[in-house]
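# Got a sequence here, can you build the structure:
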Amino acid sequence: MQKIFLQIIVISALFGLFSPKAISAEVGLLDEADVVVTSRARSERQAALKTALSAVFVKNSGLPSVLEHPLVKAQINKPEVLLTQYGYSEVDKELILKANFDHKRIISTLRQAELPVWGRQRPLTLLWLSIEDEGEHSILSDASEMDTRSQIDLDSSNKGIPVILPIMDLDDVMKISVSDVRGMFTDVVAEASTRYRADYFAVADMDKVGGFVRFQVSLFDKDSKAGLMQPLIHHQAEVLDYQEATDQILSTLAEYFVSQYAFADSGNSAETLLSLAGVQSMAQLVEIEAYLNQLSAIKTVSLSQFKANTVTYKLELFGDAEDLQKLLNINKRLTEVPVSEAVDELPDLEFSPEQQATKLFYQWH
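Residues are numbered from 1 along each chain as shown. Prediction:
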């Protein structure tokens, strides 16, 4: 069985983990994958390219089930059609084939098949995991050398889910204990999570029971204003080992995020106006348009008005305005402004009452 390695870039995990204005997470390298091979033989290269293209389709949709669609299967059976370049390298004495594919045609295939597309902007999840090691339970930290730590990195990368672990420094140790995680005391975990620039936090526990591993995981909205936090999802099961438990935990998170942030082309399109205040330069304008054009909920972007440091775009959507808002709200450079306040503050913007009713306002930081 060929091994495959995918890579993601998590901006906030590397730069400004605790900065309130950091972009949550951006998944990069959506058009490439690395596959371990044993030789440069043509037959093995062909098989490796199919494996790589399959991984790229999954990473751009978030769902392994997309590989069963006839249109996707047809592309995977002829990977050279979408291949833009490939090459070999050696890492830790293993021969690796790196393949790059045509990103626009990947997305076009998914859209044509009416399958979900997941853009580069994805929510960042802080994972609090209690794990047993040699009879002792501990909270898995970012610096841990356990195999499970590496497995989380691999699964996070393969599934395109940005995940970070707590650093478990003195601040963390003073706020949270392993019993808080095992008992899923969400008020304690929520308080300990405030220092991290993440959109969600997950609480998970792994226990060795006989010859099996019993695990459970719950996901919470980190910014929830509700009094008693309720899990968005909860899953528990018994599996053979920690590796399978880790895979199921990450798969559970992936399924939820795809349901919230990946959008298929239903054939019905909606339109909305999006205004961003605080735009003061052409460089910002270029940055904003690049950002909007990669959002999975947006079909087309056209500039409608640029006035008083506020830029307005007319957007054609794959879904509806609520789908777009889910994506905009995970970008920490954007702050939503209530429509009534925005109209009062920006009275010189010229839109009809019908347009105003379908308008979104945000502050760009």
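# Show me how far the helix or strand that contains Ser259 is from its chain's centre.
Assigned by DSSP states H and E, Ser259 falls within helix 242-261. Using CA atoms, centre = their mean, to the nearest Å, the distance from the centre of helix 242-261 to the centre of the chain it belongs to is 11 Å.
# Packing partners of it?
Packed against helix 242-261 by the contact rule (3 or more CB pairs under 8 Å, 6 or more residues apart in numbering; DSSP states H and E) you find strand 125-133, helix 147-159, strand 200-209, strand 212-221, strand 233-239, helix 321-328. C-beta coordinates here come from the backbone N, C-alpha and C atoms, glycine included.
# for those, which one sits closest to Lys314?
The closest of these to Lys314 is helix 321-328. By CB to CB, the value is 12.6 Å.
# Wait, Thr38 touches Ala47, no?
No: counting by CB atoms under 8 Å, Thr38 does not reach Ala47; the two are 10.8 Å apart.
# out of those two, which sits in the busier spot?
Between Thr38 and Ala47, counted using other CB atoms under 10 Å, the more crowded position is Ala47 (16 against 10).
# and the strand or helix carrying the more buried one, what's its mean pLDDT?
In the assignment (DSSP H and E), Ala47 maps to helix 42-61. For helix 42-61, the mean per-residue pLDDT is 94.
# Could I get the buried residue list for the helix holding Ser259?
242, 244-250, 252-254, 256-258, 261 (16 or more other CB atoms under 10 Å).
# Sheet-wise, list the partners of the helix or strand just after it with their directions.
Once helix 242-261 ends, the next helix or strand along the chain (criterion: DSSP H and E) is strand 270-277. Sheet pairing of strand 270-277 (DSSP bridges) gives strand 310-317 (antiparallel), strand 359-364 (parallel).
# CA atoms only: put strand 270-277 into CSV for me.
What follows is strand 270-277, C-alpha atoms only, in CSV (Å, rounded to 0.1, in the frame of the first residue of the first chain):
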residue,chain,number,x,y,z
ALA,A,270,-28.1,33.7,-5.3
GLU,A,271,-26.7,37.2,-5.4
THR,A,272,-25.6,39.5,-2.6
LEU,A,273,-23.7,42.7,-2.1
LEU,A,274,-20.7,42.6,0.2
SER,A,275,-19.3,45.9,1.6
LEU,A,276,-15.9,46.0,3.4
ALA,A,277,-15.0,49.2,5.2
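# Count the neighbours of Gln230 for me.
By other CB under 10 Å, the residues close to Gln230 number 11.
# where's Gly183 relative to Phe318, distance?
Note on Gly183: its distance to Phe318, by CB to CB, to the nearest Å, is 42 Å.
# and the two? which has more neighbours close in?
Phe318 (22 against 14).
# Name all residues that make contact with the more buried one.
Phe318 sits next to Val117, Phe263, Ala264, Asp265, Ser266, Ser269, Ser296, Ala297, Ile298, Lys299 when contact means CB atoms under 8 Å, 6 or more residues apart in numbering.
# does the fourth one really touch Arg111, like I thought?
Spelled out, it's Asp265. Yes: between Asp265 and Arg111 there is a contact at 4.6 Å, judged by CB under 8 Å.
# Ok, which of the helices and strands packed on helix 242-261 comes nearest Leu276?
Short answer: helix 321-328, nearest of these by CB to CB, at 9.5 Å.
# and whichever helix or strand comes after the closest one, what other elements does it pack with?
Counting by DSSP H and E, the next helix or strand C-terminal to helix 321-328 is strand 334-336. On a contact count with 3+ CB pairs under 8 Å, 6+ apart, strand 334-336 meets helix 321-328, strand 359-364.
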